[in-house]
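Participant: sequence and computational prediction follow.
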Amino acid sequence: MSGLNMIAQFFGCVGIGNHSRFLAEALINNIDDVVLSPLTPNVHYDMFGLTPKINECLKKQLNPKYPTLVFWYPDTFSSLFERVASSKPKIGYYVFEYTKIPPTYVEEINKLDFIGTPST
C-alpha cells in the first residue's frame, strides 16, 4: 500500500492512546506514506511526547486518494470519515471489552468497507 490516512486519539498515557500510537508506529514502518489526524484538531502535538515519526505524520493533510482508517468508537465513524472527501475504502478499527458489539454500533460498522478489532 502506498498511503493511508489514520484518524485516532493519539494522546494520553493509557488505553486507546497507547493502542493508537502502537498501531500508528507499525503502519508508519510498513506503509510508504501515513497521514495521521487527531480526533481533536488544533492540539499542540509536540507537548505530548509523541515519537518524531508520529509528530511528522500529524503535520500532514489528510489525502483523499488514500484509504482511511478510523480508530475510535463506531458511533463517530460517519462524522470522522467526512473529514476525508474520498470514495476510497473506509476502515474502522474498534477496540472493545465485551463479548458482543453493542447493537447501536452495528449499523455504523455495517457502513464500512473493512473492520478490524483485536477481539474475537
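Facilitator: Sure, I can see it.

Participant: every contact and neighbour count from this point should use C-alpha atoms.
Facilitator: Fine.

Participant: where does the prediction get shaky in this protein?
Facilitator: Counting by pLDDT under 70, the chain shows low-confidence ranges at 1, 42-49, 119-120.

Participant: give the buried residues for stretch 74-86.
Facilitator: 74, 77, 80-81, 84 (16 or more other CA atoms under 10 Å).

Participant: I'd like the next helix or strand past the biggest helix by length in the chain.
Facilitator: Longest helix in the chain, counting residues (DSSP state H): helix 15-30. Using DSSP states H and E, the helix or strand that follows helix 15-30 in sequence is strand 33-38.

Participant: can you give me the strands in the chain?
Facilitator: 3-8, 33-38, 68-71, 90-93, 114-116 (DSSP state E).

Participant: ok, and what's touching the third one?
Facilitator: So the one you mean is strand 68-71. 4-9, 20, 77, 80-81, 84, 88-94 (CA atoms under 8 Å, 6 or more residues apart in numbering).

Participant: one more pass at 10 Å, please.
Facilitator: 3-10, 16, 19-20, 23, 34-37, 39, 62, 76-78, 80-81, 83-84, 86-95, 114-117 (CA atoms under 10 Å, 6 or more residues apart in numbering).

Participant: again, but for the shortest one
Facilitator: Contact with strand 114-116 is made by 69-71, 89-95, 109, as judged by CA under 10 Å, 6+ apart.

Participant: hmm, try it at 6 Å
Facilitator: 91-93 (CA atoms under 6 Å, 6 or more residues apart in numbering).

Participant: thinking again about what came up before, pipe the strands of the chain into a markdown table and attach distance to residue 57 and mean neighbour count per row.
Facilitator: Output for the strands of the chain, formatted as a markdown table (distance: least, CA to CA, whole Å; neighbours: other CA atoms under 10 Å):
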| stretch | distance to residue 57 | mean neighbour count |
| --- | --- | --- |
| strand 3-8 | 10 | 23 |
| strand 33-38 | 5 | 22 |
| strand 68-71 | 14 | 26 |
| strand 90-93 | 19 | 22 |
| strand 114-116 | 22 | 14 |
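
Participant: just send the ones you listed back as JSON lines, with distance to residue 55 too.
Facilitator: Formatted as JSON lines, those follow (distance: least, CA to CA, whole Å):
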{"stretch": "strand 3-8", "distance to residue 55": "13"}
{"stretch": "strand 33-38", "distance to residue 55": "9"}
{"stretch": "strand 68-71", "distance to residue 55": "18"}
{"stretch": "strand 90-93", "distance to residue 55": "21"}
{"stretch": "strand 114-116", "distance to residue 55": "24"}
